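1. give me a model of this one.
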Amino acid sequence: MKRILLVVGAGALVLIAILVVRTGQIGVAPPASTQKPPLISVNAQQTAAHLAQAVQFRTISTQDPADFDPAPFIAFHHWLGETYPNFYARVQTEMVDSYSQMSVWPGSDASLAPIVFLAHQDVVPASEAADSGWQKPPFDGVIDNGFIWGRGTLDDKGSLIAIMEAADRLAASGFVPKRTLIFAFGHNEEVLGSGAKTIAQLLKKRGIKPYAVIDEGGAITTNMPDAAGPVARIGVAEKGYVTLKLTARADGGHSSTPPTRTAIGALSRAIVAIEAAPFAQKIDPVIAKMLHATAPEQSFFGRLAIANLWLFEPMVSGKMKNSKTGRAMLGTTIAPTIVHAGFKENALPREASVYVNFRLHARDTIEDVIAHVRGAVNDPDIEISFDEGQGTEPSPVSQIGTGPYAWLAGVVGDVFPGTIIAPNVVLGGTDSRYFSIVTDDIYRFAPFTFDAADFGRLHGLNERIAVDDFARGVQAYYLMLERAGKML
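-> Have a look, this model is predicted:
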């Protein structure tokens, strides 16, 4: 027995040693560069004024294409041409899908694959009523108290205008890129994304295979649950998207003599069954790398768990499940969003339907989701359908640590010294999802700083960006474009 205890004790010591050594390997943040990067000087007030002017164009997406108003988009295009003449003098611009814009800055070496920079012109609606809750009118483009206020400052005119500010400066300098740079500005990302989709299809038709595609989706975050300090979260993957429609039918009639099965009752049971059958939630390789990158922000025991996920994965994933964002990262999500049923309180509807939105983890496909829902509902009288044209599979995972990722990380490290750089999975949808037909290397990152409190402003009230943060973003895009054009 004594020998057994000695063996067990020795094994425990070895295990502890392994755990501690592995913890030490990820417990220290990489040293910040001591060299100051050659950043351009930016007139923060002037660039802020340009973004404020862009906000004033009501380029609003509409769910019903019949409600679409092209006039603000046309006016916005004219304004871009007048505001950034150096850029448009150097590029070849064409309109795609009527109101999306693709501009090509030819490189001197045609053998080098181009880099595509995406941003979208459209914004979601915003109430302009006096009691709407907006501190500044959403389309006035007010600059006040160090912030540019208005719809689109974060999503996504901020990126579009910062790219244009940087590209116009670069063009004015006489810069000639070796690698072709392509700028694709979709006009309906918030609803259909047909503009970006058409551009991607056009690139494929022309045999263009980009070295990388850069879009929104990630940013530099502060005061997040997993890391208080600044973390540049580079989106290397994007969840898929599908909305299923469930329809239940039953006899109608007067509510005083209901049947044993009603349409609303059957539909309600189906919704409950779906929510009671969640998809698998566990840490995947991308999330593991993100956790490793942010580990220096954790306590010793937090680092120990992250460094040894082979042992502590259930504990770490369990902690992540405590937040909505954490749960969404771990698996496919289920969200009933729209219900239709009935027209009068004393009349039984013959039909009831619900739309359930799913954001697909890389482990799942649209076919998997449909099969999962059928199995959970287990009612042959519930019809399950979806619009095949609106669903998208999860994206491929881009390179991490090498290739275009290293180029982006280098820019972030030079413009935002001391910032942790981590791969990330984008939970929402971006225009970049359509470009997987031409490249696997898609990176979703805009060089702006988002505090945890700012995320509620996206598609919400009081959207804004700090004047200084926007100017720093222009500096980052300039360095990004300059290095992209020189990169072999």
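2. the helix or strand where Ile465 lies: partners in the sheet, and parallel or antiparallel?
-> Here Ile465, judged by DSSP states H and E, is contained in strand 464-466. The pairing partners recorded for strand 464-466 under DSSP bridges are strand 147-149 (antiparallel).
3. buried set for the strand it pairs with?
-> The neighbour-count check on strand 147-149 (16 or more other CB atoms under 10 Å) flags 147-149 as buried. (C-beta placed from N, C-alpha, C; glycine too.)
4. mind checking the SS state of Gly460?
-> Secondary structure assignment for Gly460 (DSSP: H, G, I helix; E, B strand; the rest coil): coil.
5. what of the one 10 residues further on?
-> Recorded secondary structure, Phe470: helix (three-state DSSP).
6. worst-scoring helix or strand of this structure, pLDDT-wise?
-> Within the chain, no helix or strand scores below helix 2-26, which has a mean of 57 by mean pLDDT, DSSP states H and E.
7. centre of the chain to the following helix or strand past that helix, how far?
-> Going down the chain from helix 2-26, the next helix or strand is helix 44-55, by DSSP H and E. Computed by CA atoms, centre = their mean, to the nearest Å, the chain-centroid distance of helix 44-55 equals 24 Å.
8. which secondary structure elements does helix 44-55 sit against?
-> Counting by 3 or more CB pairs under 8 Å, 6 or more residues apart in numbering; DSSP states H and E, the packing neighbours recorded for helix 44-55 are helix 71-83, strand 143-144, strand 147-149, helix 157-172, helix 467-486.
9. got the angle between it and helix 467-486?
-> 90 degrees (axes from the mean of the first three to the mean of the last three CA atoms, to 10 degrees).
10. return the set of buried residues in helix 44-55.
-> 44, 47-48, 50-52, 54-55.
11. ok, now stretch 438-445?
-> 438-439, 441-445.
12. now, these that are in strands?
-> 442-444 (DSSP state E).
13. quick one: Thr260 is in a helix?
-> No. In this structure, Thr260 is coil, not part of a helix, as judged by three-state DSSP.
14. let me have the helices and strands packed on helix 44-55 in JSON lines, extended by mean pLDDT and distance to Ile382.
-> Below are the helices and strands packed on helix 44-55 laid out as JSON lines (pLDDT from 0 to 100; distance: least, CB to CB, whole Å):
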{"stretch": "helix 71-83", "mean pLDDT": "98", "distance to Ile382": "41"}
{"stretch": "strand 143-144", "mean pLDDT": "98", "distance to Ile382": "52"}
{"stretch": "strand 147-149", "mean pLDDT": "98", "distance to Ile382": "46"}
{"stretch": "helix 157-172", "mean pLDDT": "98", "distance to Ile382": "42"}
{"stretch": "helix 467-486", "mean pLDDT": "96", "distance to Ile382": "48"}
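15. for these, which one sits closest to Ile264?
-> helix 71-83 (41.2 Å; CB to CB).
16. so what touches the strand holding Ile465?
-> Outside of strand 464-466, the residues within contact range by CB atoms under 8 Å, 6 or more residues apart in numbering are 51, 136, 146-150, 153-154, 158, 448-449, 457.
17. any idea which of the residues you listed is the one closest to Gln399?
-> Checking these one by one against Gln399 (CB to CB), the nearest turns out to be Phe448, at 23.2 Å.
18. now do the contacts for that closest one.
-> Counting by CB under 8 Å, 6+ apart, the residues that Phe448 touches are 154, 158-159, 162, 219-220, 465, 469-470, 472-473.
19. state the pLDDT value of Arg261.
-> pLDDT for Arg261: 94.
20. in stretch 424-441, what's buried?
-> 424-426, 428-436, 438-439, 441.
21. check stretch 217-235 too.
-> By neighbour count on 16+ other CB under 10 Å, the buried set for stretch 217-235 is 217-222, 224, 226-227, 230-235.
22. from those, which land in helices?
-> Using DSSP state H, no member of the buried residues of stretch 217-235 falls in helices.
23. okay, now the unreliable bits of the stretch 1-150 of the chain?
-> Filtered on pLDDT under 70, the stretch 1-150 of the chain yields the residue ranges 1-25, 27-36.
24. to clarify, my last question referred to the stretch 151-300 of the chain.
-> For the stretch 151-300 of the chain, no range has pLDDT under 70.
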